[in-house]
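Q: What shape does this take:
(one chain, ligands or ions: 1)
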Amino acid sequence: MHIHNLSLQNSVLNTFISEIRDKTIQKDSMRFRRNIERIGEVLGYELSKKLNFKPSEIETPLGKSNISLMKNDIVLCSILRAGVPLHNGLLNYFDAAENAFISAYRHHKHDPESFEIIVEYLACPSLENKTLILADPMLATGQSMVATFEALKPFGIPKEVHLVSVIGAQEGVDFVSKAFGNDTHLWIATVDKKLNDKGYIIPGLGDAGDLAFGEKLQQ
Ligand code: URA
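A: Residues are numbered from 1 along each chain as shown. Model prediction:
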């Protein structure tokens, strides 16, 4: 897998990452959502450099201009509900993309420290020969990303797969690296060292879904 950890290079992205982590600033849910969206835009911009382009000619009011334009058929797939702001950020740049949504959540049976990933709702166009961008803001164990990819298999074989995430734990990055093919790309804003016993990324930011959309009752 090709891993692109964007925080290895200093840029304005660090400002957005610091604000979603900051325990005071992150309480402003509108700013939290917008920062995740801005991170999605930055990740999307970087990802776009690996897509296919073809020469095109544009007619301006005063003449003709040559420019290379993206020619990929993109399907952007996000995991509900935390993935929505990241999805919006990517869609701001890949505005012609088709969209897929899946609900995958952690189900804690009895033990709060162990869970299984339950996939329920799934809406997806054909993936055959398309560029699949699979987005999940928090790459903790990596299990949701892999479970989602498995659930998408009946929709066709994509030509290429790009994973997009905001914060990952090293364990999650290692897990998806093994599960996905060598030619898959992972675009990630930053990687933290570990997970806690409940599967939260440390230091991470807390619960991305709750910060974006409000607290939920545990199932
Ligand atoms: N999901 C979150 O929202 N936060 C984590 O730290 C891990 C998974």
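Q: In this structure residue 212 contacts residue 29, no?
A: Yes - contact criterion Cβ atoms under 8 Å: residue 212 and residue 29 qualify, at 6.2 Å. Yep, even glycine has a C-beta here, placed from its N, CA and C like the rest.
Q: So which of those two has more stuff around it?
A: Taking neighbours as other Cβ atoms under 10 Å, residue 212 and residue 29 compare with residue 212 leading, 22 against 14.
Q: Please tell me how far the residue lying closest to that one once chain neighbours are set aside sits from residue 179.
A: In space, residue 212 comes closest to residue 33 once its chain neighbours are excluded; the distance is 5.0 Å by Cβ to Cβ, 6 or more residues apart in numbering. Relative to residue 179, residue 33 is positioned 29 Å away (Cβ to Cβ, to the nearest Å).
Q: Let me see the residues that make contact with the lengthiest helix in the chain.
A: In the chain, assigned by DSSP state H, the helix with the most residues is helix 29-48. The contact list for helix 29-48 (Cβ atoms under 8 Å, 6 or more residues apart in numbering) reads 4, 6, 11-13, 16-17, 19-20, 25-26, 70, 85-90, 92-94, 133, 135, 137, 162, 164, 166, 185, 187-189, 208, 211-214.
Q: who has more neighbours, residue 33 and residue 179?
A: Using other Cβ under 10 Å as the criterion, residue 33 and residue 179 rank with residue 33 on top: 20 against 15.
Q: would you list every one of the strands in the chain?
A: 2-5, 53-60, 63-70, 74-80, 98-107, 116-123, 131-135, 138-139, 160-169, 185-192, 194-195, 201-202 (DSSP state E).
Q: Relative to residue 55, how far out is the residue of the chain positioned farthest from its centre?
A: Largest separation from the mean C-alpha position in the chain: residue 62, at 40.4 Å (Cα atoms, centre = their mean). Remark: distance between residue 62 and residue 55 (Cβ to Cβ) = 20 Å.
Q: Could you list the contact residues of this structure toward the ligand?
A: Listed as neighbours of the ligand in the chain under the rule Cβ under 6 Å from any ligand atom: 82, 138, 140, 200-201, 204, 207-209.
Q: switch to 8 Å and redo it
A: Taking Cβ under 8 Å from any ligand atom, the part of the chain that reaches the ligand is made up of 82, 137-138, 140, 167, 169, 195, 199-202, 204-211.
Q: Can you say which of those residues are buried?
A: Those of the residues of the chain next to the ligand that meet the buried threshold are 82, 137-138, 140, 167, 169, 195, 199-201, 204-205, 208-209, 211, by 16 or more other Cβ atoms under 10 Å.
Q: So what sits opposite the residue sitting nearest the centre point of the chain in the bridge?
A: Nearest to the mean C-alpha position of the chain, by Cα atoms, centre = their mean, lies residue 135 at 2.4 Å. Beta-bridge partners of residue 135, counted by DSSP bridges, are residue 78, residue 164.
Q: Then residue 191?
A: Using DSSP bridges, the bridge partners assigned to residue 191 are residue 168.
Q: again with residue 201
A: The partner residues for residue 201, given DSSP bridges, come to residue 195.
Q: Next one: residue 25 from the ligand, what distance?
A: Distance of residue 25 to the ligand, computed by Cβ to the nearest ligand atom, to the nearest Å: 17 Å.
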